[in-house]
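Trainee: Just a sequence and a predicted model for now, questions to come.
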Amino acid sequence: MGALAVVAAALPAETTGSMVTRTAGINGESRPVSAAAVARVAGPLDDLGAPDPLMSDSGERITSARAWEQQRPELLAAFEENVYGTSLPAPTKTTFSEAGGGGGSAKKITITVTGPEGDASFTLRLFTPSSGTPKGTFLLIDHRGSVGDDPGSGGYAPAATITGAGYALAAVNAEEIAPDDASSYRNGVIDAFYPAGQDLPADAGRTISAWAWGASRAMDYLQTDPDIDPSKVAVIGHSRGGKAALWAGAQDPRFPVVISNNSGSTGAKLARRDSAGESISAINSQFPHWFPETYKRYDSNADALPVDQNELLALIAPGRVVVASAAEDGNADPQGEFLSYLGAAPVYELYGLGDTGLSSTSWPPATGEGFRGPGMSYHLRSGGHGLEDADWDIYLGSDLFTR
Ligand code: GCU
């Protein structure tokens, strides 16, 4: 993919009046694109040298959603090869057994997957409103393993608040899918697919990939639950869980909404800002079990990546991508998350969804405000790293499941 600097240069020259036209839309129809919207997405990325998602490998400019979708598998494969690793295949068998959850409207489901080397199980908890079909379901990749039978109404996973607002909360126990530990991370689902005692291939996904895969298995269950509308499921994760949520959403088009809360390095943050916040070498050395060996090639060498994280966000299109940053979350590089968000907009624009909801590309935007376009949402919360009441207020108040 070419450099984003190309975006501005390749735009149509005639921008007289407020609209330009170019070929766009799923069926290749011509769709008006506002010149202002284009300028908004191109400007701040010009000097960054990040890959341009609209430049194909053969150097041709992608100008329609159809053309984008044709080259999309290659981009996805590049993320697999270089960043997240290859995903586990579909299980040969999956079973769901309900073991009764807490009281009220809670369910506890054990998801058991079978692979060539055996079985593995993990827990999904589901909290639904006391009456009516939920307006949507938030599927949380719960890396803290902290969602029990009654997770309460505040903070990280406020089930009562979510159900009170008319939504459902589903939470998968990520530790059970793949332990967040360098010596035991294979002990969940991974060892159902790879022979124990043999090293994983260098390009095989590790913990983050397994969590994303587990979220898709949870989606398999949600599609069978009569209390849930499976066309309205948002996969959400905070921090390391947010990295997994983005990777799940990029691969699995069944998620119409994908929420990355403070996901930072190898999440929403632009990788080429390696010196801002957590670098690739820092994440790989502190968490050697999160990503494949192949990603370590980019330690102190982010510019050599054939992809960047704005393209990961773009892979979610036309599904809604939601990026949330926190102003004092230096390790996650909130500005890098913001730039990535902007850098995904040209792809959304192909679907007529390129409005970022922001009135300016200047950093920082106002804190505490939910910026919402028809396919993209962003907010910058004041304060530090966390999935907090203020974040949930925005998710529950933004009508994320409608355009
Ligand atoms: C660490 C790590 C981050 C991660 C975070 C979290 O700070 O460096 O990459 O996002 O943990 O998961 O809370």
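Mentor: Yep, that arrived.
Trainee: Where does pLDDT dip in the stretch 101-250 of the chain?
Mentor: Filtered on pLDDT under 70, the stretch 101-250 of the chain yields the residue ranges 101-105.
Trainee: can you pull out the helices in it?
Mentor: Taking DSSP state H, counting those that start in this stretch, the helices of the stretch 101-250 of the chain run over residues 159-164, 174-177, 207-222, 240-251.
Trainee: Most tightly packed of those?
Mentor: Highest mean neighbour count among the helices of the stretch 101-250 of the chain (mean count of other Cβ atoms under 10 Å): helix 240-251, with a mean of 29. The way it works is simple: take the backbone N, C-alpha and C, and place the C-beta from them, glycine included.
Trainee: can you give me the angle that helix makes with helix 207-222?
Mentor: Between the axes of helix 240-251 and helix 207-222, defined by axes from the mean of the first three to the mean of the last three Cα atoms, to 10 degrees, the angle is 60 degrees.
Trainee: for the helices of the stretch 101-250 of the chain, which one sits closest to the ligand?
Mentor: Minimum separation from the ligand across these (Cβ to the nearest ligand atom) falls at helix 240-251, 3.4 Å.
Trainee: For that closest one, which outside residues touch it?
Mentor: 76, 79, 84, 87, 140-143, 174, 180, 208-209, 211-213, 215-216, 235-237, 255, 258-264, 266-268, 287, 290, 312-313, 315-316, 319, 321 (Cβ atoms under 8 Å, 6 or more residues apart in numbering).
Trainee: Any of those residues buried? List them.
Mentor: Buried by 16 or more other Cβ atoms under 10 Å: 76, 79, 84, 87, 140-143, 174, 180, 208-209, 211-213, 215-216, 235-237, 255, 258-264, 266-268, 287, 290, 312-313, 315-316, 319, 321, out of those.
Trainee: Give me the domain ranges for this structure.
Mentor: Domains of the chain are assigned by automatic domain parsing as 3-83, 84-341+368-397.
Trainee: Briefly note if the last one comes near the ligand.
Mentor: Which is domain 84-341+368-397. Yes. Residues of domain 84-341+368-397 contacting the ligand under Cβ under 6 Å from any ligand atom: 239-240, 264-265, 278, 283, 331.
Trainee: what about stretch 355-367, distance to the chain center?
Mentor: Relative to its parent chain, stretch 355-367 has a centroid offset of 20 Å by Cα atoms, centre = their mean, to the nearest Å.
Trainee: Extract the C-alpha set from that stretch and format it as CSV.
Mentor: Backbone C-alpha positions of stretch 355-367 (Å, rounded to 0.1, in the frame of the first residue of the first chain) are rendered in CSV as follows:
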residue,chain,number,x,y,z
ASP,A,355,-18.2,11.5,8.0
THR,A,356,-16.1,11.1,11.2
GLY,A,357,-18.5,13.2,13.3
LEU,A,358,-15.6,15.5,14.1
SER,A,359,-15.8,19.1,13.1
SER,A,360,-12.1,19.4,12.9
THR,A,361,-9.0,17.2,12.6
SER,A,362,-7.1,19.3,15.1
TRP,A,363,-5.8,17.4,18.1
PRO,A,364,-7.1,17.3,20.7
PRO,A,365,-10.9,17.3,20.1
ALA,A,366,-13.2,18.3,23.0
THR,A,367,-13.2,15.8,25.8
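Trainee: Could you list the buried residues of it?
Mentor: Neighbour count says stretch 355-367 has 355-358, 361, 365 buried, by 16+ other Cβ under 10 Å.
Trainee: Which of these sits closest to the ligand?
Mentor: Nearest to the ligand among the buried residues of stretch 355-367, counting by Cβ to the nearest ligand atom, is Pro365 at 21.5 Å.
Trainee: just to revisit the earlier point, where strands are concerned, which of the contacts of helix 240-251 count?
Mentor: Among the contacts of helix 240-251, the ones falling in strands (DSSP state E) are 140-142, 235-237, 258-261, 321.
Trainee: Skipping adjacent residues, who's closest to Thr224 in space?
Mentor: Distance criterion Cβ to Cβ, 6 or more residues apart in numbering; nearest residue to Thr224, sequence neighbours excluded, is Phe96 at 6.7 Å.
Trainee: Could you do Ala250 as well?
Mentor: Nearest residue to Ala250, sequence neighbours excluded (Cβ to Cβ, 6+ apart): Leu315, at 3.8 Å.
Trainee: Just give me the closest of the buried residues of stretch 355-367 to Leu222.
Mentor: Nearest to Leu222 out of those is Gly357 (Cβ to Cβ; 27.5 Å).
Trainee: Would you confirm that that closest one contacts His379?
Mentor: No. Counting by Cβ atoms under 8 Å, Gly357 stays clear of His379, with 9.3 Å between them.
Trainee: Understood, closing this out.
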